[in-house]
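1. Would you be able to build a 3D model of this:
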Amino acid sequence: MNYGIYCNTAGTPVGVEVLAGNESDRIAFPIAVERVRKDFNHKNVIFIGDRGMISGKAIDEYLRDEEGADWITALNAASIAKLERCGSIQLTFFDECDLASITHPDYPDERLVVCRNPDLAKRRSKRREALLQATEKLLAEIIKKVERKNKPLRGKDAIGVEVGKIINKKKMAKHFNLTIEDDTFAFDRNEEKIRSESATDGLYVIRSSVDKTRMTDQELVANYKNLEMVERAFRSLKSIDLNVRPIYHRLDNRVRAHIFICMLAYHIEHQMRSQLAPLLFADEQKETAAERDSVVDPVKRSDSAKKKDQTRRTPDGQHPISSFRDILNTLSAITRSRVKVEGHKKGDFKTTSTPTPYQQKILEWLGATRGM
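-> Numbers count the residues shown, from 1 in each chain. Got it, this is the predicted structure:
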């Protein structure tokens, strides 16, 4: 089973799609396009999705000729490397700013916004070096087997088999030159390929059909990065709060109903997080894309959010700052009991425990106060 969520720009879930497990994004995306345009009755829509969902093929087949349908997505690593090799992307673009708008014949009537994040570039370079060293360590073990005095590894085929078992364990095979003979084995780094790959470190390219009069380059990037809200919804559904699985249903309509109920539960969670923001570690004064110096850099926490982190108290100091899970656990302590009094003519009655001051504060923020 595959499922997907439709969210608006605020990250609020507005619909859910459930498909068979053998149906890929190639099948799911056109269904999403048709449903949003027809079932939701939205004639002018900007679809925002990752490079897997809104691929070049999906754009050509389902969006390019659709009136009122625009898209924001990103290029994959191979496409970025191609643009870099042909000179369409040059690091000099980023001497004074961290994004640049370019055009290319392969993307007619589209905007390409190239972004460079120096921190991401450093992380990728560091990770690549670690993987290269790990691969070298594994290959060095084979050299030891070939050079040992007792029962050395011999024969091109035998040595090749051993090399084949480990060369791509770290996905670094393309960065090595291998020399295999009947009684020797040697390797060294392919510096040219490493330099070629490192040229695109920290780069990502936003691809869109949205006109500049409707959305600036900065807004384009910001809207794409808002996909993190959809990813948070999936994390909540899959593992953090709601745990969609395991599913014990077998009939299609019941499986769909199960997923739909989970989506409604996340809708409630989304609204609760918004209303309880003062009691959570959420940043209530997070800068908007227009207020930030750079839309490419990670969002920095505001001073008020940093104060929350340090004091772990609300500004008035009366209540603790908690995680959403802790707040749910706190509310779960409010119990409703059924009391039966022996010999009482009216039989049993129900009573609700009196909320603590902290529980009462949570209920107030949720707008769920009641007389006790």
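2. tally of neighbours for Phe176?
-> 19 (other CB atoms under 10 Å). (C-beta placed from N, C-alpha, C; glycine too.)
3. That one is in contact with Asp188, isn't it?
-> Yes - the criterion here is CB atoms under 8 Å, and Phe176 meets it with Asp188 at 7.2 Å.
4. Tell me where the chain has strands.
-> 2-7, 13-19, 45-48, 69-74, 99-102, 111-116, 176-180, 185-189, 203-208, 336-340, 348-352 (DSSP state E).
5. Just put those strands in JSON lines and tack on distance to Val163 and mean pLDDT.
-> Output for those, formatted as JSON lines (distance: least, CB to CB, whole Å; pLDDT from 0 to 100):
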{"stretch": "strand 2-7", "distance to Val163": "38", "mean pLDDT": "83"}
{"stretch": "strand 13-19", "distance to Val163": "41", "mean pLDDT": "85"}
{"stretch": "strand 45-48", "distance to Val163": "44", "mean pLDDT": "88"}
{"stretch": "strand 69-74", "distance to Val163": "35", "mean pLDDT": "92"}
{"stretch": "strand 99-102", "distance to Val163": "41", "mean pLDDT": "92"}
{"stretch": "strand 111-116", "distance to Val163": "36", "mean pLDDT": "94"}
{"stretch": "strand 176-180", "distance to Val163": "6", "mean pLDDT": "95"}
{"stretch": "strand 185-189", "distance to Val163": "7", "mean pLDDT": "95"}
{"stretch": "strand 203-208", "distance to Val163": "32", "mean pLDDT": "94"}
{"stretch": "strand 336-340", "distance to Val163": "67", "mean pLDDT": "86"}
{"stretch": "strand 348-352", "distance to Val163": "70", "mean pLDDT": "84"}
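6. Dump the ones you listed to a markdown table, plus distance to Val146.
-> Formatted as a markdown table, those follow (distance: least, CB to CB, whole Å):
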| stretch | distance to Val146 |
| --- | --- |
| strand 2-7 | 47 |
| strand 13-19 | 51 |
| strand 45-48 | 53 |
| strand 69-74 | 44 |
| strand 99-102 | 49 |
| strand 111-116 | 43 |
| strand 176-180 | 9 |
| strand 185-189 | 5 |
| strand 203-208 | 40 |
| strand 336-340 | 74 |
| strand 348-352 | 76 |
